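**Student:** the following block contains a protein sequence and its predicted model.
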Amino acid sequence: SHRTFSLQKEIEFTDYVCRGDSDSAIRLLREIYQEDISVMGDTDEMQECLLWNFAISVRRIESSIISEQDISENAGWMKLFSQNEAAETRMHVLEGRIRQMCLVIQKELMDKDQATVRQIKNYIQQHYQSIDLSNGMIAERFHMNAAYLSTFFKKNFQFAVFNFIICIIEITICNCNTVS
């Protein structure tokens, strides 16, 4: 009787991929593979069963979180996987697809973060004159807590929120002095 990796491990694997963390996803895949081979025996049948289970999991994740365009552009991985009989080659094919998916996800997450930073900057530029403008007010507007907003903004914009507000005020003052 063949054992497949646990639902808990599959959830953990899926979480790594959804966060774009290919190194952790691949490390977990290899760990599961080694554990199951050591428990069930290093037979060709066992390797094939495990690798197909992995391929099905990768395909399931792929179909739920990756765009149809990316899937069709990278559809050859499954054919390459099924045509190769060597376990190590199949594992490399899986790892390659995991890396590709994670790169797509990282780009999507980065694009989403950049869009949020643009929205925050626009909000600050529109409300910098408000007497009650604060990290807390901005954070509430964007459904974040103030500490996360500070970290998020600085990580994605290399400026602290407070410094950005001061910069906007200084630019406004300079523009006013130039006009006068």
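**Tutor:** All right, it came through fine.
**Student:** averaged pLDDT, the lengthiest helix in the chain. What do you get?
**Tutor:** Longest helix in the chain, counting residues (DSSP state H): helix 87-127. Helix 87-127 shows a mean pLDDT of 92.
**Student:** and if you look at stretch 60-73?
**Tutor:** Across stretch 60-73, the per-residue pLDDT values average to 77.
**Student:** okay, how far is it across that stretch, tip to tip?
**Tutor:** Start and end residues of stretch 60-73 are separated by 17 Å (C-alpha to C-alpha, to the nearest Å).
**Student:** swap in stretch 154-162?
**Tutor:** 10 Å.
**Student:** check the offset of it from the chain's centre.
**Tutor:** 21 Å (C-alpha atoms, centre = their mean, to the nearest Å).
**Student:** the longest helix of the chain packs against which elements?
**Tutor:** Packed against helix 87-127, as judged by 3 or more C-beta pairs under 8 Å, 6 or more residues apart in numbering; DSSP states H and E, are the following elements: helix 7-18, helix 22-40, helix 44-65, helix 76-83, helix 135-141, helix 146-157, helix 161-179. Any C-beta I mention is one placed from the backbone N, CA and C, and that applies to glycine too.
**Student:** and the angle from it to helix 161-179?
**Tutor:** 50 degrees (axes from the mean of the first three to the mean of the last three C-alpha atoms, to 10 degrees).
**Student:** relative to helix 22-40, how tilted is helix 87-127?
**Tutor:** 150 degrees.
**Student:** chain center to helix 87-127: distance?
**Tutor:** 5 Å.
**Student:** then stretch 47-67?
**Tutor:** 18 Å.
**Student:** cool, stretch 74-91 as well?
**Tutor:** 24 Å.
**Student:** possible to save the helices and strands packed on helix 87-127 as a markdown table with distance to K107 and mean neighbour count?
**Tutor:** Below are these laid out as a markdown table (distance: least, C-beta to C-beta, whole Å; neighbours: other C-beta atoms under 10 Å):
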| stretch | distance to K107 | mean neighbour count |
| --- | --- | --- |
| helix 7-18 | 14 | 16 |
| helix 22-40 | 13 | 16 |
| helix 44-65 | 13 | 16 |
| helix 76-83 | 18 | 14 |
| helix 135-141 | 26 | 16 |
| helix 146-157 | 14 | 16 |
| helix 161-179 | 25 | 12 |
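**Student:** do you know which of those helices lies nearest L103?
**Tutor:** helix 22-40 (7.6 Å; C-beta to C-beta).
**Student:** coming back round to it: turn the helices and strands packed on helix 87-127 into TSV, including distance to L109.
**Tutor:** Output for the helices and strands packed on helix 87-127, formatted as TSV (distance: least, C-beta to C-beta, whole Å):
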stretch	distance to L109
helix 7-18	9
helix 22-40	13
helix 44-65	11
helix 76-83	22
helix 135-141	20
helix 146-157	11
helix 161-179	21
